[in-house]
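# My questions concern the predicted model and sequence given below.
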Amino acid sequence: MKKYNKLVRDRIPEIIEKDGHKAIYHTLSEKDYIQALDKKLLEEVKEYQADKSLEEMADVLEVLYAICNARGYAIEELEAKRIQKKVERGGFDKKLFLEYVEDSATDMVGNVSDIKALKKWSALPDDWKETLINNVFCRHCGVTTIVNYAIVDDKNGIVLQGKCAKCDGAVARFVEDMN
Ligand SMILES: [Zn+2]
């Protein structure tokens, strides 16, 4: 007897029995199934790393497709997301290897929030803050979300200085004083 205790492809019991052996197996619960798939993905990636074969690439993809379905997505959604990301951020065709990013002057200014501005900001209602953060104008993307922002005081209010969540470009949002 050889123990496996692992998720296998649907036709494996049939193949074992054709070989004249008896396969003992059960069907996993949805929760255990997803866990087993996540583990399987790592296993298949390791196998691919070991032999780099087309066969192992296919196994990785099959497990990924199963994970996609198990987590409630259609394969078409996965494919659409892949294409969306490729259009927005490119693929890996150009063989680019990023070395480092130099801090720009705006980055350094942008990292400093001053106390007075922070006090004004924290006095705003949370839902208001959320609306402001998610309604920032980017000259490339239109309405966007500001990320990695610093809060800077201004004579008529405060300014959020940060980055566009979509394109990483510099964006800012002025918030006028309430009184
Ligand atoms: Zn943008």
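Sure, I can see it.
# Domain-wise, how is the protein divided?
For the chain, automatic domain parsing gives the domain ranges 12-89, 112-176.
# For the residue located most distally from the centre of the chain, what is the enclosing helix or strand?
Within the chain, G20 marks the point farthest from the mean C-alpha position, 45.8 Å out by CA atoms, centre = their mean. Taking DSSP states H and E as the definition, G20 sits outside all helices and strands.
# tell me which parts of this protein are close to the ion?
Within the chain, the positions lying close to the ion (CB under 5 Å from the ion) are C138, H140, C141, C164, K166, C167, G169. No exception for glycine: its C-beta is placed from N, CA and C like everyone else's.
# Going by distance to W121, which of those wins?
C164 (19.5 Å; CB to CB).
# Which helix or strand in this structure has the lowest average pLDDT?
Lowest by mean pLDDT, DSSP states H and E among the helices and strands of the chain is helix 105-110, with a mean of 50.
# CA-only coordinates of the helix or strand following it in PDB, if you can.
Counting by DSSP H and E, the next helix or strand C-terminal to helix 105-110 is helix 115-122. Extracted in PDB, the C-alpha atoms of helix 115-122 (Å, rounded to 0.1, in the frame of the first residue of the first chain):
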ATOM      1  CA  ILE A 115       0.700  68.300  12.700                       C
ATOM      2  CA  LYS A 116      -1.600  71.200  12.100                       C
ATOM      3  CA  ALA A 117      -2.800  69.700   8.800                       C
ATOM      4  CA  LEU A 118      -3.200  66.200  10.400                       C
ATOM      5  CA  LYS A 119      -5.400  67.700  13.100                       C
ATOM      6  CA  LYS A 120      -7.700  69.300  10.500                       C
ATOM      7  CA  TRP A 121      -7.800  66.100   8.500                       C
ATOM      8  CA  SER A 122      -8.600  63.900  11.500                       C
END
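# For the chain, just list every one of the helices.
In the chain, the helices defined using DSSP state H lie at 12-18, 30-51, 54-70, 75-89, 105-110, 115-122, 126-133.
# for the last one, what is the average pLDDT?
What it means is helix 126-133. When pLDDT is averaged along helix 126-133, the result is 91.
# returning to that earlier point: the residues of the chain next to the ion in strands, which ones?
Mapping the residues of the chain next to the ion onto strands (DSSP state E) picks out C138, C164.
# Low-confidence bits of this protein, can you list those?
103-112, 179 (pLDDT under 70).
# Now do the same contact list for V136.
By CB atoms under 8 Å, 6 or more residues apart in numbering, V136 lies in contact with V143, T144, T145, I146, L160, C164, V171, A172, R173.
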